[in-house]
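My questions concern the predicted model and sequence given below.
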2 protein chains.
Amino acid sequence: MTIEFDHWIARVEHELSRKNQRLTPQRRVIAEALFHDGVHRNVDELYQLVRDRDRTVGHATVYRTMKLLQELDLVSANNFADGSARYEVAGAGDAHHDHLVCRTCDHIVEFEDDQVERLQEAIATRLGFVLRDHRMVLFGDCVRQACPNRQTSNLRRTGPGSHATR
Amino acid sequence: MTIEFDHWIARVEHELSRKNQRLTPQRRVIAEALFHDGVHRNVDELYQLVRDRDRTVGHATVYRTMKLLQELDLVSANNFADGSARYEVAGAGDAHHDHLVCRTCDHIVEFEDDQVERLQEAIATRLGFVLRDHRMVLFGDCVRQACPNRQTSNLRRTGPGSHATR
DNA sequence: ATCTTTGCAAATCCTTTGCATCTCT
DNA sequence: AGAGATGCAAAGGATTTGCAAAGAT
């Protein structure tokens, strides 16, 4: 746990230095928040977390840092339902994973599926593309007791239309 | 072609009337533009198309109309690379399709794949969700002669990172 | 009369930028 | 000194909303 964390910080520092950039106190605090409590947080939520530790960090710095970490492939961004980007630490050499989001409680489950990846590759090839990247998010109703969705009628197969865009 | 168009307008009118809403001149012009030249256009592009026909239509009306048509399941929205929503007529009872977008020239190809749909369903079920909707966009490099991408080195397997979010 | 729509401008939300000020080296 | 970073406030782009005027029933 702590070892993993140290490794993460070391990775950040290393990738930054490769581009002659520094692991400043602000960036360090952001990277810490990101690791400890930052899964699928958007910039504003990260900003709040960071502010608890360091009142001097500005909004813009969080944006700039997230952009930077993305460019260094240290974090990856997702867009689920709302309009904001949500980040997660990108494991070095990790397999790609996708997300399944509950429409009601926003609970997020990550999953990996080789079959999907292979299919996507095949589809792209068939259509004359070299596949470089993809984005896939599944939306559904989860069955957790805690989900408010369980309290109400969970029976309609014909739910309220599918408006998945932002 | 014209028959299809008439059918589309009739559908729009019907769905609107079911909710006590009218097919106003503005909405009609928007629906026309959408049908004739509106595939994967965003609001601003639609606005331009519409203005060619009717100078009095306002920006807000296009936004409001698209939102309305979405709620009526008459159009569906997608987010490809840029931050804006791009629309397409949603065929009544049509099979769902997904998109493959060229990173270089933004050329969009639509495809349907039952296998993918089935897999998604299986994954959701396995993880304790009732699948309601999904969003999938593949990004790649297309091989069309016209694509600027073909002019340059198309050889790097390790392209410029994968930052697909907005 | 009443309920729906509209255009306009102002407001909102997320994100980026300009700029003067620091901080390291 | 000189490049890299930061905070703040202003700017940007996409979308929504308040409001008074216009339309339809």
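The structure has been received and is ready for your questions.

What helices and strands are in contact with the biggest helix by length in chain A?
If each helix of chain A is counted by residues according to DSSP state H, the longest one is helix A:2-18. The helices and strands touching helix A:2-18, judged by 3 or more C-beta pairs under 8 Å, 6 or more residues apart in numbering or on different chains; DSSP states H and E, are helix A:25-37. Where you see a C-beta, it was placed from the backbone N, CA and C, and this is true even at glycine.

does DNA strand D sit close to the helix it packs on?
Yes: in terms of C-beta under 7 Å from any atom of the strand, part of helix A:25-37 sits within range of DNA strand D, namely A:26-27.

near DNA strand D, which residues of chain A?
By C-beta under 7 Å from any atom of the strand, the residues of chain A that approach DNA strand D are A:16, A:20-22, A:24, A:26-27, A:56-61, A:64-65, A:166.

Out of the residues you listed, who's the most crowded?
A:Thr65 (24 neighbours; other C-beta atoms under 10 Å in any protein chain shown).

Next, the contact list for the residue nearest to that residue when sequence neighbours are not counted, please.
Counting by C-beta to C-beta, 6 or more residues apart in numbering or on different chains, the nearest residue to A:Thr65 once its immediate chain neighbours are dropped is A:Ile30, at 4.9 Å. A:Ile30 makes contact with A:46, A:50, A:57, A:61-62, A:65-66 under the criterion C-beta atoms under 8 Å, 6 or more residues apart in numbering or on different chains.

Can you list the low-confidence ranges for chain A?
Applying pLDDT under 70 to chain A flags residues A:1, A:150-166.

how's it carved up into domains?
Under automatic domain parsing, the residue ranges defining each domain of chain A are A:1-93, A:95-157.

Redo the ones you listed as JSON lines? Include distance to B:Arg144.
Converted to JSON lines, these look like this (distance: least, C-beta to C-beta, whole Å):
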{"stretch": "domain A:1-93", "distance to B:Arg144": "27"}
{"stretch": "domain A:95-157", "distance to B:Arg144": "7"}
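
Tell me which of those domains sits nearest to B:Glu4.
Proximity of those to B:Glu4 was assessed by C-beta to C-beta; the nearest stretch is domain A:95-157, lying at 25.0 Å.
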